[in-house]
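**Q** Mind folding the following:
(one chain, ligands or ions: 2)
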Amino acid sequence: MKRRDFLKGMVATGAGVAISGGVGTLSKAHAKSKLEDFGEIKSLKVHCISETSWFDNPTLGADIKAAGGINTNQYDVAYNEENLGGYAALVEVEALDGKKTKYLLDTGWSNDWMDYVFEKDGIDKMLQSKEIDTLIISHDHIDHYFALESTLKHQPDIKIYFPGTSMKKSFELLKGADFSATPGCPKNSVPHTGELIVTETNKLYKLQEGAAIVFFDAPATLQVRGENVMYFKIKDKGYVTVTGCCHPGIMTLINHARRNFKDGNNNYGCYGGLHISPFENWDPKMDDLIQGVKAMNMTKIGCNHCTGWIWAEKAAQMGLPIVNGTNKNLSYKKTGTLAQAKTSNVYLGNGDDIVF
Ligand SMILES: [Fe+2]
Ligand SMILES: [Fe+2]
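**A** Ligands and ions are numbered 1, 2, ... in the order given. Predicted coordinates:
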């Protein structure tokens, strides 16, 4: 995250140094008169299908730079195809009555890579047997969305939640478009035939008792905008936030729960890319973010993808409850080229689980 965006986020959310002394409750003036209550679940398991969206940071950086930089349209960049992976997670909800429901969060970038990880985890079979209820696209960024075909080829009529701010070409991809003349850009030969729910800013979409999506309109790189965020309320524990990239900022998401949800001050945990230092650049302001998250008193933090190893390692050292991965990712046919991908376990890596 750029420092400017970071600071903007802090101003917008009222988070940061001022709250680092303690959690407290938001004053009545700040609280909505009617807090949202979308029920409770018994437990939540998130399985990391893949968090390696690409394998080599400098290669992706060079591809983007050659196309005009970080504000270029993502469909106008020629990407090195050897470098592409993808982000996806299997989110399994256990309802209060014990019934389990599976959701797929995102569908990755490279069809080859996604075919490989889907097969490894049996996601392909789960889609074919309609065991997976819904596909939630967090946002239409390259690494979360371009391998749409890898999901649709198993279940073309799967219900999809899709950000309303997505690019025109991303909507066309749903219908079956081909942008693959540009290397690393997508092709979908299986048009979507199921229900499509296009999400709108700040609206809450209830998936089932205790599980909801909120859409946030926030700027991201490569001209992408907006993100669907999953919220769960776990009985006797509190709220868990599950994200693709977390472009709106983790404090924005936590504060949304605090301001708008019943018992919103109980933040139990989070999972996902936290988009703090995706290219491993340390900014001293990130210390404030560690303090800000610490003040939320979460019990479990599962992070990976665009969080930045550099942030996750420092956050763990400073006492944040980072849940360690198991290095299962090392048995995959490709691993990230950063040394930390092999030596550190502060990321929940490919094949790892977290239970809330
Ligand atoms: Fe991402
Ligand atoms: Fe993203």
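**Q** Identify the residues contacting the closest residue to ligand 1 within the chain.
**A** Closest approach between the chain and ligand 1, counting by C-beta to the ion: residue 245, at 4.0 Å. Glycine gets a C-beta too; all of them are placed from N, C-alpha and C. By C-beta atoms under 8 Å, 6 or more residues apart in numbering, the contact set of residue 245 is 87, 138, 139, 141, 144, 220, 227, 272, 273, 275, 305, 306.
**Q** switch the cut-off to 6 Å
**A** Contacts for residue 245 (C-beta atoms under 6 Å, 6 or more residues apart in numbering) come out as 273, 275, 306.
**Q** What residues does this structure have near ligand 2?
**A** Proximity of the chain to ligand 2, by C-beta under 5 Å from the ion, involves residues 141, 245.
**Q** ok, the residue most central in space within the chain - contacts?
**A** Closest to where the C-alpha atoms of the chain average out (C-alpha atoms, centre = their mean) is residue 244, at 1.1 Å. Counting by C-beta under 6 Å, 6+ apart, residue 244 makes contact with 106, 138, 139, 144.
**Q** Likewise for residue 188?
**A** 148, 149, 173, 176.
**Q** can you tell me which of those residues are in helices?
**A** 148, 149, 173 (DSSP state H).
**Q** Could you check how far the closest residue to the last one other than its chain neighbours is from residue 148?
**A** If you skip the residues right next to it in sequence, residue 173 has residue 188 as its closest partner in space, 5.0 Å away by C-beta to C-beta, 6 or more residues apart in numbering. Computed as C-beta to C-beta, to the nearest Å, the residue 188 to residue 148 distance reads 5 Å.
**Q** what do you get for residue 246?
**A** Relative to residue 148, and taking C-beta to C-beta, residue 246 is found at 21 Å.
**Q** which SS state does residue 72 fall under?
**A** coil (DSSP: H, G, I helix; E, B strand; the rest coil).
**Q** Could you report the neighbour count for the residue lying closest to it once chain neighbours are set aside?
**A** Counting by C-beta to C-beta, 6+ apart, residue 222 is the residue found nearest to residue 72 once chain neighbours are left out, at 6.3 Å. Residue 222: 19 surrounding residues under other C-beta atoms under 10 Å.
**Q** three-state assignment of residue 44?
**A** Per three-state DSSP, the local secondary structure of residue 44 is strand.
**Q** That one against residue 353, yeah?
**A** No - using C-beta atoms under 6 Å, residue 44 is not in contact with residue 353; the gap is 10.8 Å.
**Q** what about these two, which has more around it?
**A** More neighbours surround residue 44 than the other of residue 44 and residue 353, with 24 against 16 (other C-beta under 10 Å).
**Q** Excluding chain neighbours, what is closest to the more buried one?
**A** Of all residues not flanking residue 44 in the chain, residue 356 sits nearest, at 4.4 Å (C-beta to C-beta, 6+ apart).
**Q** can you give me the helices for the protein?
**A** According to DSSP H, the helices that the chain contains are 3-13, 57-66, 111-121, 123-128, 142-145, 148-152, 168-175, 250-260, 285-294, 309-317, 340-343.
**Q** out of those helices, deepest packed?
**A** With neighbours defined as mean count of other C-beta atoms under 10 Å, these peak in mean count at helix 142-145, which reaches a mean of 28.
**Q** follow-up on the earlier one: anything in contact with each of residue 188 and residue 148?
**A** Common neighbours of residue 188 and residue 148 (C-beta under 6 Å, 6+ apart) are residue 173.
**Q** Under the pLDDT cut-off, which ranges of the stretch 1-150 of the chain? List them.
**A** Applying pLDDT under 70 to the stretch 1-150 of the chain flags the ranges 1-33.
**Q** could you measure whichever residue of the stretch 151-300 of the chain sits closest to ligand 2 against residue 127, distance?
**A** Distance from ligand 2 to each residue of the stretch 151-300 of the chain (C-beta to the ion) is smallest for residue 245, at 3.2 Å. Computed as C-beta to C-beta, the residue 245 to residue 127 distance reads 23 Å.
**Q** Same check on residue 172?
**A** Applying C-beta to C-beta to residue 172 and residue 127 gives a distance of 22 Å.
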